[in-house]
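Novice: what shape does this take:
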Amino acid sequence: MKIDDNLLRKLAIRTISYFSDDLGMKNISDTFEIQSVNSIDYLDISTLISLSQDISGTIGMSVSNSLAKKMVENFIYGDITEEQIDELASESVSETLNVTLGNIIHNIEVVKNGGKVEISTPYTMHNKVSISKKQDGIMYLCILKYDNEEIILSYFI
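Specialist: Model (predicted):
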């Protein structure tokens, strides 16, 4: 198995457990498939994190506005206004990717064998965007399901 496929597989498994166990969003499906693709159509809120040194590439997570709001509601305890939920929606996606990636990076074979990986600060985009694979690049897509919503995970170089 290639490092990029393994990385995305581990991220998908950790994301499922994070939604289910940490956010209490139990309706997330535990089945997924990783596909090699030529382009990715991201949803309303997308966060990207770059990896460098012994693993390079970009990891992404993308969700709809409505799922991001559900994430906030399960992330924050206590009373919160609709305006606060809107403000925190993109931060919840960014934090989720940052935490789940940080949780699994030490389990990647390259790191287990002494390699080093730097993780960038998350970059969040709003609105739907598409990214195409560069001519000699690789691009993987994994779609997780929560109720009738999708969580897009991606890895590309």
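
Novice: Cys142 is in contact with Glu33, correct?
Specialist: Yes. Contact status for Glu33 versus Cys142: in contact at 7.1 Å, counting by C-beta atoms under 8 Å. Using the backbone N, CA and C atoms, a C-beta is placed for each residue, glycine as well.

Novice: and the two? which has more neighbours close in?
Specialist: Cys142 (19 against 8; other C-beta atoms under 10 Å).

Novice: the residue lying closest to the more buried one once chain neighbours are set aside: how many residues sit nearby?
Specialist: Leaving aside its sequence neighbours, Cys142 sits nearest to Leu153 (C-beta to C-beta, 6 or more residues apart in numbering; 4.3 Å). Neighbourhood size, Leu153 [other C-beta under 10 Å]: 24.

Novice: and what of Asp136?
Specialist: 6.

Novice: where does it sit: helix, strand or coil?
Specialist: Secondary structure, DSSP: H, G, I helix; E, B strand; the rest coil: Asp136 is coil.

Novice: and it, how far from Lys145?
Specialist: Applying C-beta to C-beta, to the nearest Å, the value for Asp136 to Lys145 is 32 Å.

Novice: contacting residues for Ser90?
Specialist: Contact partners of Ser90, counting by C-beta atoms under 8 Å, 6 or more residues apart in numbering, are Ile45, Thr47, Ala68, Thr124, His126.

Novice: quick one: buried ones out of those?
Specialist: Among the contacts of Ser90, those buried by neighbour count (16 or more other C-beta atoms under 10 Å) are Ile45, Thr47, Ala68, Thr124.

Novice: show me which of the residues you listed is closest to Glu109.
Specialist: Closest to Glu109 out of the buried ones among the contacts of Ser90 is Thr47 (24.8 Å), distances taken as C-beta to C-beta.
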